[in-house]
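Participant: turn this into a structure:
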Amino acid sequence: MKVVLSIAGSDSSGGAGIQADIKSGFYHKVFMTTAITAITVQNTLGVSNAVVLEPKFVVEQINAVIEDFKVDCIKIGMLSSKELILEVFNAIKDLDIPIILDPVAISRAGSKLLDDEAINSLKSMFKYALLITPNSLEAKLFFGVDSIEDIKNIKDIPTNIIFKNIVKNDETTTDVLLTKDGNIELFIGHKADISNTHGTGCSFSASIASLVARGFSLKDSIDLSKKYIYEAINHAPNFGRGNGPINHILDF
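Facilitator: As a prediction, this is how the structure comes out:
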């Protein structure tokens, strides 16, 4: 069994963050270890409080796992400050382990989650990742991208980038992979019901990390993960009064 290390925050509602990563890893038959960056108070209606853990304590968690496990892939989610971003990447950037980075900076509702210093620090770390997975708002923030044409005009490509749902219509969703060497590939899927999408970004990146850990190619990992998220949304358990979680285990 392959091992993935998830570095992310804890979601008390179980739909996103570390909890989503563990469930996604379970579905894909990997052993998910963790380094928790923050503990949130949240449910399907939103986040009401959070405690951000000290960077030193987060790094201690990372080191404890790395020293004892053969980690096959690292997935990174929410890093809430410049100091935490720099400390985490200093601990892992020289390891010979692929990194899947979900550059959490803007929520799908448009709320900015990081200050400008942290955003700049996170951007400077992109080069250490095998893949980054920005949502459409983060694509605009980091790369000035709104369309496939914009993607084609990116000059300085730090690493492989999957631009999620960059092309929108009523029936399909299109993710665009821009490889480090400038190639572009489209991943087109059916549009799912959007009433239960809490944690889809976390789950998508965790799914990719799990498949990369198991030896799948990056393109196959993206393709299979996109299909996984579609099914997980469509078979959501309809929990909560807000934006509900997906069905990570797909036991339908």
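
Participant: you'd agree Lys226 is in a strand?
Facilitator: No - counting by DSSP: H, G, I helix; E, B strand; the rest coil, Lys226 is not part of a strand but helix.

Participant: what's the distance between it and Leu95?
Facilitator: Taking CB to CB, to the nearest Å as the measure, Lys226 falls 27 Å from Leu95. Backbone N, C-alpha and C define where each C-beta goes, glycine included.

Participant: more neighbours: these two, which one.
Facilitator: Set Lys226 next to Leu95 and count neighbours by other CB atoms under 10 Å: Lys226 wins out with 20 against 14.

Participant: hang on, the more buried one packs against Phe204?
Facilitator: Yes - contact criterion CB atoms under 8 Å: Lys226 and Phe204 qualify, at 7.4 Å.

Participant: what touches both of those two?
Facilitator: Here Lys226 and Phe204 have no joint contacts, going by CB atoms under 8 Å, 6 or more residues apart in numbering.

Participant: CA atoms of the longest strand along the chain as CSV?
Facilitator: Scanning the chain for the longest strand, with DSSP state E as the assignment, gives strand 31-43. Output in CSV follows, covering the C-alpha atoms of strand 31-43 (Å, rounded to 0.1, in the frame of the first residue of the first chain):
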residue,chain,number,x,y,z
PHE,A,31,-2.7,5.1,3.5
MET,A,32,-3.2,8.8,4.2
THR,A,33,-0.9,10.4,6.9
THR,A,34,-1.4,14.0,8.0
ALA,A,35,0.1,17.2,9.2
ILE,A,36,-2.7,19.5,10.4
THR,A,37,-2.2,23.2,9.8
ALA,A,38,-5.4,24.6,11.4
ILE,A,39,-8.5,23.5,13.3
THR,A,40,-11.7,25.1,12.0
VAL,A,41,-15.2,25.4,13.5
GLN,A,42,-17.4,24.9,10.5
ASN,A,43,-20.4,23.2,9.0
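
Participant: list the strands paired with the helix or strand following it, with their directions.
Facilitator: Next in sequence after strand 31-43, counting helices and strands by DSSP states H and E, comes strand 46-52. Strand 46-52 sits in its sheet next to strand 31-43 (antiparallel), going by DSSP bridges.

Participant: residues of the partner strand that come out buried?
Facilitator: For strand 31-43, a neighbour-count test (16 or more other CB atoms under 10 Å) marks 31-40, 42-43 as buried.

Participant: could I get the pLDDT score of the closest residue to Ile161 other than its chain neighbours?
Facilitator: Spatial nearest neighbour of Ile161, excluding adjacent residues (CB to CB, 6 or more residues apart in numbering): Leu178 at 4.8 Å. pLDDT recorded at Leu178 is 98.

Participant: Ser10 against Gln19, yeah?
Facilitator: Yes - using CB under 8 Å, Ser10 is in contact with Gln19, at 6.9 Å.

Participant: please identify the buried residues of stretch 236-247?
Facilitator: Buried, per 16+ other CB under 10 Å, within stretch 236-247: 236, 239, 243-247.
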